[in-house]
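Chemist: model this:
(one chain, ligands or ions: 1)
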Amino acid sequence: MSKYIIKGTKVLLELLDKKSKNNMIKSILADLLSVACSIMPMFGLYNIINIILRKSDTKGMFIWAGVIFISIILKIIFHGKAIRISHIVAYDTLYNLRKELIYKFSRLNQGYMDSNSSGKLKNIIFDDIESLEQFYGHHIPEILSSFLIPLVMEIILLILDVRIALVMLIPVIIFLICLHRTNVLQSKNFEQMFITQQNLNASMVEYINAMKEIKIFGGNEKVFWRFQQSVDSYKEFMVKWFKDSRYLMTTSDIILSSGIVFVFPVAGYLYINGSIDISKFLLYLFVSLCFYSPLAKIPQFTDVLSINAHIAERLQMLLNMQELKNHDCQKTCVYDGDIIFDNVSFGYDENKVIENLSFTIKKNQVVGLVGPSGGGKSTITKLISRFWDVNEGKISIDGVDIKEISTENLAKSIAYVTQNVSTFHMSVRDNIKMGKPDATEEEIIWAAKNAMCHDFIIKLPKGYETLLGEDGINLSGGQKQRIAIARALLKNAPILLLDEATAYMDPDNEEQLQKVLTRLMKNKTVIMIAHRLSTVIDADKILVLDKGIIKEEGNHNDLIEVGKIYKKMWDSFKYGSSWTLRNKEAE
Ligand SMILES: Nc1ncnc2c1ncn2[C@@H]1O[C@H](COP(=O)(O)OP(=O)(O)OP(=O)(O)O)[C@@H](O)[C@H]1O
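Modeler: Below is the predicted model of the structure:
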């Protein structure tokens with residue numbers, strides 16, 4: 001076995017918890033007993049042949065036949081037990097790994113989730129982890145018997161006749177050389193295989209997700225070409241790999257099934273020159289028929305083991321990835337003081353999105369963030385929520401660096417409504433209740449009414465019980481946003497982040513909702529990002545952000561008086577609104 005497989009097997013075993021390790025030992029012990037029971041029939045057969053040849057002791061023959069029968073039954077029982085326990089280990093481990101991984105994802109920098117496609121993440125959580133079942137459920141007990149049965153037979157043959165024992169080994173040696181060479185080739189290719197497989201998976205998900213845009217804007221050929229290219233490169237890679245290893249693979253397959261070709265002439269020669277009697281001759285032939293079949297399973301094991309070992313290493317790397325720094329807060333506190341950006345710099349990659357940014361948002365202040373697209377407005381709200389950690393500088397709430405606040409506490413303190421709201425595959429009521437899991441019916445309806453979604457919810461087929469998501473109802477963008485606002489209202493967190501929270505709504509509804517929000521935002525610290533400037537007109541302070549730098553700061557009237565960027569934006573906004581009105585009037 002190559003070093004790679006040994007190292008990978010070690011990693012696979014490290015992924016087991018203590019209970020599973022103990023169970024694994026039980027499974028191996030049960031399989032060892034089953035191996036002992038597999039050897040017994042050989043003795044029985046040897047004794048039966050002797051009795052037949054001597055034509056004596058027919059009673060003894062039936063006793064040996066009974067021993068063979070009982071050994072077979074015991075083998076079935078022990079092997080069944082070994083497999084049952086190993087499957088408990090397998091599914092416990094898959095469950096634990098999936099749970100740990102999902103928990104890990106929630107503690108990782110959001111950048112990891114963004115830089116990995118959903119296809120890739122699904123691949124890791126579902127396919128990769130599922131494939132480990134082969135190792136834990138089958139290979140641990142079976143691989144042992146595949147080695148042990150021939151090993152015990154070989155020891156017995158060494159005691160009976162060293163010459164036959166050595167001849168038996170010739171095909172095994174050729175087989176092991178081929179197997180080793182195949183494994184070396186495999187370990188060289190595995191990394192590349194995973195990359196091509198992942199590209200294939202990602203391009204397939206991209207193709208399916210982009211179907212809507214393709215239908216509207218065309219470009220099928222270009223996107224399909226990318227998909228086709230990853231299918232082609234996967235095929236080419238696999239074909240080349242099999243081409244390189246074809247002789248090694250076929251030799252290792254065939255050499256074992258032709259083991260008798262080596263044993264038969266040597267045993268025949270020894271019988272003819274009187275070195276062994278006919279019972280030994282028959283026994284050796286019989287053993288040569290059974291000796292090699294367990295070994296034939298080893299290439300399958302090493303194949304799966306190499307894949308599993310590679311997956312296990314990647315999983316371990318992922319599980320050891322650095323999490324967002326997350327000191328547990330000593331007090332059970334909810335942070336609702338001033339939010340201070342102190343010389344903050346941040347970039348998603350090497351390019352800085354925000355540079356040396358400093359500002360203060362006082363407790364219970366309503367602050368509007370405006371500015372050209374791509375200026376870093378959403379990034380500011382994401383940094384406050386710690387989707388990412390700042391590269392330099394410090395963000396503090398209530399005087400505490402947010403890196404020192406447990407993510408749980410920070411999450412309790414913030415309600416965040418984004419442009420792209422996700423609803424979950426559950427009832428409307430449960431979707432709203434996510435803001436406060438123990439909310440009463442009255443509270444849910446209060447939140448829904450204030451977020452202006454009660455009216456459309458009661459018109460849904462099952463009202464608040466209507467299922468959303470894939471097999472349920474699809475809500476419009478504006479309706480989803482109102483559900484998210486209802487969630488935020490229920491949560492009643494001291495800090496409210498609204499990132500284009502009303503962007504999908506029509507102007508009449510938006511205005512109404514804005515009034516409700518203004519009322520409910522009292523006694524909360526609010527950061528509001530808006531392209532429609534009418535939304536932030538009443539804010540205590542407006543920050544005009546461009547290329548990650550605050551260009552202007554003040555309330556609406558101050559900024560109009562300054563007469564620079566904000567004033568220009570306001571004039572364009574007014575012109576846009578009046579243009580719409582004039583056109584409406586003309587209709
Ligand atoms: N996950 C990401 N990875 C890499 N770059 C990103 C990521 N998210 C945003 N950016 C980049 O960071 C910059 C600031 O983006 P941000 O979304 O904060 O701007 P914004 O002012 O909110 O824009 P908009 O008004 O269009 O929503 C942009 O150049 C954007 O391309």
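Chemist: Pull out the buried residues from stretch 284-292.
Modeler: 284, 287-288, 290-292 (16 or more other C-beta atoms under 10 Å). Backbone N, C-alpha and C define where each C-beta goes, glycine included.
Chemist: ugh, wrong one, stretch 49-65
Modeler: 49-51, 61, 64.
Chemist: Would you mind listing what in the stretch 301-450 of the chain touches the ligand?
Modeler: 348, 353, 373-379 (C-beta under 6 Å from any ligand atom).
Chemist: List phi and psi for residue 361.
Modeler: phi -110, psi 120 (degrees, to the nearest 10).
Chemist: now do residue 337
Modeler: phi -90, psi -160.
Chemist: What of the one 10 residues further on?
Modeler: Backbone geometry at residue 347, expressed as degrees, to the nearest 10, gives phi -140, psi 140.
Chemist: now it, nearest residue through space, not along the chain?
Modeler: Nearest non-adjacent residue to residue 347, counting by C-beta to C-beta, 6 or more residues apart in numbering: residue 353, 5.4 Å away.
Chemist: burial measure for that neighbour, as a count.
Modeler: 21 (other C-beta atoms under 10 Å).
Chemist: ok, it touching residue 346?
Modeler: Yes: assessed by C-beta atoms under 8 Å, residue 353 is found in contact with residue 346 at 5.9 Å.
Chemist: any shared contact partners between those two?
Modeler: Common contacts of residue 353 and residue 346, defined by C-beta atoms under 8 Å, 6 or more residues apart in numbering, comprise residue 379.
Chemist: where's the longest helix seen in the chain relative to the chain centroid, distance-wise?
Modeler: Across the chain, the longest stretch assigned as helix under DSSP state H is helix 58-107. Centroid separation for helix 58-107 versus its chain: 28 Å, with C-alpha atoms, centre = their mean, to the nearest Å.
Chemist: Name the SS class of the most centrally placed residue in the chain, please.
Modeler: In the chain, the centroid-proximal residue (C-alpha atoms, centre = their mean) is residue 125; its distance is 2.7 Å. Here residue 125 is recorded as helix under DSSP: H, G, I helix; E, B strand; the rest coil.
Chemist: The one 10 residues further on now?
Modeler: Look at residue 135: counting by three-state DSSP, its state is helix.
Chemist: so it makes contact with residue 303?
Modeler: No: if you go by C-beta under 8 Å, residue 135 and residue 303 don't touch, sitting 11.3 Å apart.
Chemist: of these two, who's got more company?
Modeler: Set side by side, residue 135 and residue 303 show more neighbours around residue 135, with 26 against 15, by other C-beta under 10 Å.
Chemist: Roughly how far does that one sit from the ligand?
Modeler: Here the criterion is C-beta to the nearest ligand atom, to the nearest Å. By it, residue 135 lies 36 Å from the ligand.
Chemist: Counting neighbours, what do you get for residue 299?
Modeler: Neighbour tally, residue 299, other C-beta under 10 Å: 19.
Chemist: Distance to the ligand and pLDDT added to the buried residues of stretch 49-65, as CSV?
Modeler: Formatted as CSV, those follow (distance: C-beta to the nearest ligand atom, whole Å; pLDDT from 0 to 100):
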residue, distance to the ligand, pLDDT
49, 75, 83
50, 78, 82
51, 80, 86
61, 78, 86
64, 74, 89
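Chemist: hmm, back to that, just the buried residues of stretch 284-292: which are in helices?
Modeler: 284, 287-288, 290-291.
Chemist: out of those residues, who's nearest residue 192?
Modeler: residue 291 (36.8 Å; C-beta to C-beta).
Chemist: what about the stretch 401-550 of the chain, any weak spots by pLDDT?
Modeler: Low-confidence segments of the stretch 401-550 of the chain (pLDDT under 70): 469-473, 503-505, 507-509, 515, 519.
Chemist: can you map out the helices along it?
Modeler: 407-413, 428-433, 441-450, 454-458, 477-491, 507-520 (DSSP state H, counting those that start in this stretch).
Chemist: could these be laid out in JSON lines, adding mean neighbour count?
Modeler: Formatted as JSON lines, these follow (neighbours: other C-beta atoms under 10 Å):
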{"stretch": "helix 407-413", "mean neighbour count": "18"}
{"stretch": "helix 428-433", "mean neighbour count": "23"}
{"stretch": "helix 441-450", "mean neighbour count": "18"}
{"stretch": "helix 454-458", "mean neighbour count": "16"}
{"stretch": "helix 477-491", "mean neighbour count": "23"}
{"stretch": "helix 507-520", "mean neighbour count": "15"}
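Chemist: which one of these lies closest to residue 194?
Modeler: helix 407-413 (31.0 Å).
Chemist: Contacts for stretch 535-542, please.
Modeler: So stretch 535-542 is contacted by 361-362, 365-370, 502, 510, 514, 518, 528, 530, 552-556, 559, 566 (C-beta under 8 Å, 6+ apart).
Chemist: same check, this time on stretch 36-53
Modeler: With C-beta under 8 Å, 6+ apart, stretch 36-53 has contacts from 57-58, 60-61, 64-65, 67-68, 71-72, 74-75, 78, 145, 149, 152-153, 156, 278-279, 282-283, 286-287, 290.
Chemist: returning to what we had before: wait, what's in contact with the residue nearest to the centre of the chain?
Modeler: Neighbours of residue 125 in contact, by C-beta under 8 Å, 6+ apart: 98, 101-102.
Chemist: Swap in 10 Å and give it another go.
Modeler: Counting by C-beta atoms under 10 Å, 6 or more residues apart in numbering, residue 125 touches 97-98, 101-102, 105.
Chemist: Equivalent analysis for residue 10, please.
Modeler: By C-beta under 10 Å, 6+ apart, residue 10 lies in contact with 309, 312-313.
Chemist: What's the PyMOL syntax to select whichever of those residues are buried?
Modeler: For the buried members of the contacts of residue 10, the matching PyMOL selection, counting by 16+ other C-beta under 10 Å, is:
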select buried, resi 309+312+313
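Chemist: okay, the contacts of residue 10 in a markdown table with pLDDT and secondary structure next?
Modeler: What follows is those, written out as a markdown table (pLDDT from 0 to 100; DSSP: H, G, I helix; E, B strand; the rest coil):
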| residue | pLDDT | secondary structure |
| --- | --- | --- |
| 309 | 80 | helix |
| 312 | 83 | helix |
| 313 | 81 | helix |
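Chemist: Cool, thanks, signing off.
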